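Chemist: Give the three-dimensional model of this entry:
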Amino acid sequence: MTKAADLPYRPCVGIMLANDEGLVFVGRRKDTPEAWQMPQGGIDPGETPGQAALRELEEEIGTARAEILAETQGWLRYDLPPDLLGKVWGGRWRGQEQKWVLCRFTGRDADVNLATAHPEFDAWRWVRPEETVELIVPFKRDIYRAVVAELAPRIPR
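Modeler: Numbering: from 1, shown residues only. Next up, the predicted model:
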């Protein structure tokens, strides 16, 4: 049996997408309806976090109408809870190591289209950055606190 400590972290990008009112995008996960999260996804080989962020926006919310403003200085890690370990990502990862990217949304709400090729969200809304901490699943809350503390002050208003 593989132990969590023997598994690597999945390289990932998270996106804090802010609108002109200083609110950030959250989507309600189709597979976990009680959880809302900011877009995120794996970084492909050869991609920068910024390139991955724009690709993930297109894949998850149907638009990449965004301008990159900032990234977290370091990488943030979380471990999967024991009940998910070995069940997600084919059991290849113990958790994720994430670079978070702050983007300004340059489109209109009508540009968001959750009916993507592989839908992850079934609803979405704009919320105050600090609200994201309570909306995310508990095992990711420390990451969201760190992201909000570092990136939210850099949202243009």
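
Chemist: All the helices of the chain, in order from the start?
Modeler: Taking DSSP state H as the test, the helices found in the chain are 49-61, 132-135, 141-151.

Chemist: and residue 80, which of those is closest to it?
Modeler: Shortest distance between residue 80 and the helices of the chain, using C-beta to C-beta, is found for helix 141-151: 12.4 Å. For every residue, glycine as well, the C-beta is placed using N, CA and C.

Chemist: Please name every helix or strand in contact with the lowest-mean-pLDDT helix or strand in the chain.
Modeler: When the helices and strands of the chain are compared on mean pLDDT, DSSP states H and E, strand 76-79 comes out lowest with a mean of 91. Judged by 3 or more C-beta pairs under 8 Å, 6 or more residues apart in numbering; DSSP states H and E, the packing partners of strand 76-79 are strand 95-105, helix 141-151.

Chemist: Could you identify which of these is most buried?
Modeler: Comparing the helices and strands packed on strand 76-79 by mean neighbour count (mean count of other C-beta atoms under 10 Å), strand 95-105 comes out on top with a mean of 23.

Chemist: Quick check, pLDDT for residue 32.
Modeler: Residue 32 is assigned 86 on the pLDDT scale.

Chemist: Same list, the helices and strands packed on strand 76-79, but as TSV with mean pLDDT please.
Modeler: Formatted as TSV, those follow (pLDDT from 0 to 100):
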stretch	mean pLDDT
strand 95-105	95
helix 141-151	97
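
Chemist: Now render the ones you listed as JSON lines, adding distance to residue 55.
Modeler: As requested, the helices and strands packed on strand 76-79 are exported to JSON lines (distance: least, C-beta to C-beta, whole Å):
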{"stretch": "strand 95-105", "distance to residue 55": "11"}
{"stretch": "helix 141-151", "distance to residue 55": "19"}
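
Chemist: So which of those is nearest residue 35?
Modeler: helix 141-151 (11.1 Å).

Chemist: angle of the closest one against strand 95-105?
Modeler: Counting by axes from the mean of the first three to the mean of the last three C-alpha atoms, to 10 degrees, helix 141-151 lies at 40 degrees to strand 95-105.

Chemist: So which elements touch helix 141-151?
Modeler: Secondary-structure packing of helix 141-151 (3+ C-beta pairs under 8 Å, 6+ apart): strand 9-18, strand 76-79, strand 95-105, helix 132-135.

Chemist: switch to 6 Å and redo it
Modeler: Contacts defined by 3 or more C-beta pairs under 6 Å, 6 or more residues apart in numbering; DSSP states H and E place helix 141-151 against strand 76-79, helix 132-135.

Chemist: Right, I'll call it a day here.
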